[in-house]
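Asks: structure of the sequence below:
(2 chains)
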Amino acid sequence: MKSKLKSLGKTIKKDRKFLIMCLPAIIFFLIFAYLPMPGIWVAFVKFDFAKGIFGSPFVGLGNLKFIAMSGKLGMLVRNTILYNVGFIVTSTAIQILIALLFNELTNKTFRKYTQSFMILPNFISYVLVGVFSFALFNNTNGILNAILQMFGQAPVNVYENAAAWPFILVLVNLWKGAGYGSIVYFAALMGMDKEMLEAAKVDGATSLQRIRYITLPSLRPTIIILLLLSVGGILHGNFDLFYNLVGSNNVTLLNSTDVLETFIFRAMVSNSNFSTAAAVSFIQSIFGLVVVLVTNGIVKKVEPDYALF
Amino acid sequence: MKLKKITALAMTTCMLAGLFTGCGSSASGAQAAAQTKDEKNYSGVSGNTPYVDGKADTSEFVTVKMLVLGDPPAGGTDKKMLEKLNEIFKEKLNANLEISWIEWNNYDTKYQMELVSGTPYDLVFSSSTWLNLWDNVSKGAFMDMTDMIPYYAPQLWADTKAEEWEQCKKDDKIYALPEHRRWQLSTPGFLYRLDWANEFGIDEVNSFDTMEQYCDGILANKSGVVPFNVNATVNSSELYTLWINQDTDYVFGPGTVGADAPTANNSLEDCWEISSPIFQDDYLDFAKKMKEWGDRGYWPQDVLSATIDTQTAFLAGQSGLYHANVSNLLPMYQKMAEQDPDAKLGIFFDSEKRGYAIADSLTQDACSISANAQNPERALMMYDMFQYDPEVYKLTQYGIEGENYAVDKDGYRVKPEGYDEQLDEYHWDMWSTLNDSLSINEFNPKQAEVDAVTDKIKPWGVTSPWGAFMLDTSNIDSEITAINEAATTWMPSIQFGKAGDPKEAVEKLRDALKKAGIEDYMKEVNTQLSEYEKTNASKTESTSSTSATSATSK
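Replies: Numbering: from 1, shown residues only, chains lettered A, B, ... in the order given. Predicted coordinates for the structure are as follows:
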């Protein structure tokens, strides 16, 4: 113990310049992330404005009782996790693909323009995305139905078709995030040692072979780290996406579009009880932490170098 | 040096002690003061304004502090008004008024903090519906004004009926000054195009049947117009509320849960018990009818996910109906006149058939005196002038004539020449002092029609039969949340006929509500209601009988 402390002291002394440079970040996290943490106690009390967070009566997990009462917990967890898995898998694949394609482009001006266009959707608010999708799919004057009618097909009522929505939501999520997400992969590719590729080219490897045997393996650390970061939020539904595209109470679609967030929104919207909201988000975070720890543990076993910690 | 430290410490301790005891100490001090009280003489609470020989003695100069909610006028017009106002107060009351504002941002926390900190405000804005008036009263934040009002606010005292004071009382003591001289009635209804209805041969839309004819008329004759161009939100309950008011005896009172209201009080007469309209057989008929209406296209096919602003659509002639509270419907007459001068409007009130409207709580916007106020007597004298002195009323409500407002030759309030919204805008946020008889109205070209509507619904007003009953939700919090979730999941979809087969959907809703514990909820609410009824039996008897007569007399 003593020697450990001593070595810690030594490290501090040795790296003090770097530590000073880190200080703003350390202070930031202390004030905004660690100091407010005791406030999570609000999740376990029946909050009373007059008594404050720590004076309110303790109820343990009582704030979560209403989810159990609804009997929908299984469906909600299933939807939330499946959607997130879908989002993570598809966007990782597409983002890598886009980065690879950009990497192969030789015309720099063309690359820059296309890149900007692909990033653009990321800056469009989900409220507008909801309006776009309504303009596309609605029954009265939607673009999709106008096209179908032009070709003499019967119109489809997308907003009453539960099966269509998993695909629509995944596609919208891709459209919005893929371009922006590809930047990290593209940056990793830019940092790659070009000599390896040139050597492979001299040895007669086709461009597909170069991607398969050189580029992709060198992207592996990036993929794993980004994956580790995203699995932490696997129990958090993207409220913006679901609420704006589907609405929170389209009952015909709920079985395939209801996630924890939209459910809680419906339950809370007319009685703002923030103990309950805090309790749910606390459980989601705990679950996310466990998933990250487990995944990291697996990565550590298989590829110790790529683990986060 | 050391002495200085000790004094500092002592002072801090005193201040802290003062902070913690806060309200308590001064209240007990007030009780300790010797009380003389008869028709002509009253010593008052603070002692600085005794009432002697039928007249308040204002020889001691005091400063009255007032706390209101809202952002102060951007151009500082309130301060200019206050200068003028204080000239009047100096002369008439030998007092000065100071106003503090709690800005809207995070107002509820700030308001509570002000009360807890024990700042000696004399007049404090309060509200039983959105600022926990009664809760704060029970915590000792406000002063009992019962004895003072007749002496120091005689006009208010004379102008307020006994049953109006009843709503301002807790344990028979008055803690709030009511908002009772501004006529307002909250009752929702459907705004429709009277000119279109006449075109289809309908004199008036006033029932489910005429509404159906009107909608069919629109579908047949007005291409491109959706009869009710609306989108569902979690709180969509327009048609459900209409059904409750037209076809059942239910009333929405304290026991109604959430915005979708799957429970309601049985009727105006039988108001001390709640039950759920959803479990009535009629509800299924309603659901079937709504499915039929939805299939016919009375509202957009994708109503559940659409994004439509019905008010805008109505004004643009793209919607035949617009549902809102009467206070939001009346301004539509003027707005519609600007858009389309030929359009004629009518309102189909939800409670048209029964002709009743439960009046808003008189303490929705109220004024209280904080428990440790220094000059409650002078504050009440000022308050009396705010509401009943024509000069003070105009000054406080509208600002300085010629700068913030002007009166045109017909007696309407207009913007003066050179008026700049940024600099000259003025408002007064002690809303409870509004007094219709002293108000100067703004010009409305459709005033006659608006008056006709208000004349029609004025007699509908019924005082709330539940008095100051407040539901204690501590044992049923989970149930309320779960019921809300079940209700918002199904009820908007069912009322728009978009939940699939109505029979199946209603079954599922009932099932979800049962699972959410609606029976336990109703049991708890009914216990609380009947207990309250028993303890307040004498009072409630009189109010419920008046409400019953006014409801049946229509």
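Asks: which residue ranges of the stretch 251-400 of chain B form strands?
Replies: With DSSP state E, counting those that start in this stretch as the criterion, the stretch 251-400 of chain B has strands at B:264-265, B:274-275, B:321-325, B:345-349, B:357-358, B:366-369.
Asks: by mean pLDDT, show me the worst of those strands.
Replies: When those are ranked by mean pLDDT, strand B:357-358 comes last with a mean of 86.
Asks: can I get the strands of the stretch 251-400 of chain B in CSV with mean neighbour count and distance to chain A?
Replies: For every residue, glycine as well, the C-beta is placed using N, CA and C. Converted to CSV, the strands of the stretch 251-400 of chain B look like this (neighbours: other CB atoms under 10 Å in any protein chain shown; distance: least, CB to the nearest CB, whole Å):
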stretch, mean neighbour count, distance to chain A
strand B:264-265, 23, 15
strand B:274-275, 20, 17
strand B:321-325, 21, 17
strand B:345-349, 23, 24
strand B:357-358, 22, 19
strand B:366-369, 27, 17
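Asks: out of those, nearest to B:Asn94?
Replies: strand B:366-369 (19.2 Å; CB to CB).
Asks: which strands and helices sit next to that closest one?
Replies: strand B:123-126, helix B:133-138, helix B:376-388 (3 or more CB pairs under 8 Å, 6 or more residues apart in numbering or on different chains; DSSP states H and E).
Asks: ok, 10 Å please
Replies: Strand B:366-369 sits against strand B:62-69, strand B:123-126, helix B:133-138, helix B:376-388, with contacts defined as 3 or more CB pairs under 10 Å, 6 or more residues apart in numbering or on different chains; DSSP states H and E.
Asks: keeping just the C-alphas, turn it into PDB.
Replies: Coordinates of each C-alpha in strand B:366-369 appear next as PDB, following Å, rounded to 0.1, in the frame of the first residue of the first chain:
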ATOM      1  CA  ALA B 366     -54.600  35.000  -6.000                       C
ATOM      2  CA  CYS B 367     -52.700  37.300  -3.600                       C
ATOM      3  CA  SER B 368     -51.500  36.300  -0.100                       C
ATOM      4  CA  ILE B 369     -49.600  38.100   2.600                       C
END
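Asks: centroid residue for chain B?
Replies: In chain B, the residue lying closest to the centroid (CA atoms, centre = their mean) is B:Gln364, at 4.4 Å.
Asks: now do the contacts for the spatially closest residue to it that is not a sequence neighbour.
Replies: The shortest distance from B:Gln364 to any non-neighbouring residue, by CB to CB, 6 or more residues apart in numbering or on different chains, is to B:Thr129 (4.8 Å). B:Thr129 sits next to B:360-361, B:363-366 when contact means CB atoms under 10 Å, 6 or more residues apart in numbering or on different chains.
Asks: doesn't B:Phe190 belong to a strand?
Replies: Yes - per DSSP: H, G, I helix; E, B strand; the rest coil, B:Phe190 lies within a strand segment.
Asks: from the contacts of B:Thr129, which two are the most distant?
Replies: The distance between the two most remote of these (CB to CB) is 11.4 Å, for B:Asp360 and B:Ala366.
Asks: anything in contact with each of the two?
Replies: Common contact partners of B:Asp360 and B:Ala366 (CB under 10 Å, 6+ apart): B:129, B:179.
Asks: in which helix or strand would I find the residue nearest to B:Gln364?
Replies: Counting by DSSP states H and E, there is no helix or strand that carries B:Thr129.
Asks: so which bits of the stretch 151-300 of chain A are right by chain B?
Replies: A:155, A:157-160, A:244-254, A:258, A:262-271, A:273, A:275-276 (CB under 10 Å from any CB of the partner chain).
Asks: so which bits of stretch B:348-363 are buried?
Replies: Going by neighbour count (16 or more other CB atoms under 10 Å in any protein chain shown), the buried part of stretch B:348-363 is B:348-352, B:354-363.
Asks: what's the answer for stretch A:39-53, then?
Replies: Within stretch A:39-53, the residues that count as buried by 16+ other CB under 10 Å are A:41-47, A:53.
Asks: any weak-confidence spans in the chain?
Replies: Since no chain was named, I'll use chain A. Along chain A, the model assigns pLDDT under 70 to residues A:1-2, A:48-51, A:269-274.
Asks: should've been chain B
Replies: Along chain B, the parts satisfying pLDDT under 70 run over B:1-36, B:234, B:537-554.
Asks: domain boundaries for it, per the record?
Replies: What automatic domain parsing lists as the domains of chain B is B:36-185+B:362-440, B:188-358+B:464-549.
Asks: adding distance to A:Ile20, write those out as a markdown table.
Replies: Formatted as a markdown table, the domains of chain B follow (distance: least, CB to CB, whole Å):
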| stretch | distance to A:Ile20 |
| --- | --- |
| domain B:36-185+B:362-440 | 36 |
| domain B:188-358+B:464-549 | 49 |
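Asks: so what's the closest residue to B:Asp295 other than its chain neighbours up against?
Replies: Nearest non-adjacent residue to B:Asp295, counting by CB to CB, 6+ apart: B:Gly497, 6.6 Å away. Neighbour list for B:Gly497: B:239, B:287-296, B:298-299, B:303, B:505 [criterion: CB under 10 Å, 6+ apart].
Asks: ok, now B:Thr363?
Replies: B:126-129, B:131, B:133-134, B:167-169, B:175-180, B:432, B:468.
Asks: show me the helices in the stretch 101-250 of chain B, by range?
Replies: Assigned by DSSP state H, counting those that start in this stretch, the helices in the stretch 101-250 of chain B fall at B:107-117, B:133-138, B:149-152, B:154-159, B:162-166, B:194-199, B:208-221, B:238-247.
Asks: cool, the stretch 101-250 of chain A as well?
Replies: Assigned by DSSP H, counting those that start in this stretch, the helices in the stretch 101-250 of chain A fall at A:108-119, A:126-137, A:143-150, A:165-190, A:194-202, A:207-210, A:216-231, A:239-246.
Asks: need these in CSV (columns: mean neighbour count).
Replies: As requested, the helices of the stretch 101-250 of chain A are arranged in CSV below (neighbours: other CB atoms under 10 Å in any protein chain shown):
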stretch, mean neighbour count
helix A:108-119, 12
helix A:126-137, 17
helix A:143-150, 13
helix A:165-190, 18
helix A:194-202, 12
helix A:207-210, 13
helix A:216-231, 16
helix A:239-246, 21
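Asks: out of those, which gets nearest to B:Glu442?
Replies: So among these, helix A:126-137 is nearest, using CB to CB, at 34.4 Å.
Asks: put the alpha carbons of that closest one into PDB.
Replies: Extracted as PDB, the C-alpha positions of helix A:126-137 are listed here (Å, rounded to 0.1, in the frame of the first residue of the first chain):
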ATOM      1  CA  TYR A 126     -35.200  15.100 -35.700                       C
ATOM      2  CA  VAL A 127     -38.200  17.300 -35.600                       C
ATOM      3  CA  LEU A 128     -37.600  18.200 -39.300                       C
ATOM      4  CA  VAL A 129     -36.700  14.600 -40.000                       C
ATOM      5  CA  GLY A 130     -40.200  13.700 -38.600                       C
ATOM      6  CA  VAL A 131     -41.700  16.200 -41.000                       C
ATOM      7  CA  PHE A 132     -39.700  14.800 -44.000                       C
ATOM      8  CA  SER A 133     -40.900  11.300 -43.200                       C
ATOM      9  CA  PHE A 134     -44.500  12.400 -42.800                       C
ATOM     10  CA  ALA A 135     -44.200  14.100 -46.200                       C
ATOM     11  CA  LEU A 136     -42.900  10.900 -47.700                       C
ATOM     12  CA  PHE A 137     -45.200   8.400 -46.200                       C
END
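Asks: hmm, who's touching that helix?
Replies: Outside helix A:126-137, the residues touching it (CB under 10 Å, 6+ apart) are A:121, A:124-125, A:141-147, A:156-159, A:161, A:164, A:168-169, A:171-173, A:175-176, A:238-247, B:231, B:302, B:305-308.
Asks: apply 7 Å and report the result again.
Replies: A:142-144, A:158-159, A:172, A:176, A:240-241, A:244-245, B:305-307 (CB atoms under 7 Å, 6 or more residues apart in numbering or on different chains).
Asks: same check on stretch B:275-283?
Replies: So stretch B:275-283 is contacted by B:244, B:247-248, B:250, B:262-264, B:266, B:506, B:509-510, B:513, B:518, B:522 (CB under 7 Å, 6+ apart).
Asks: alright, I will stop here.
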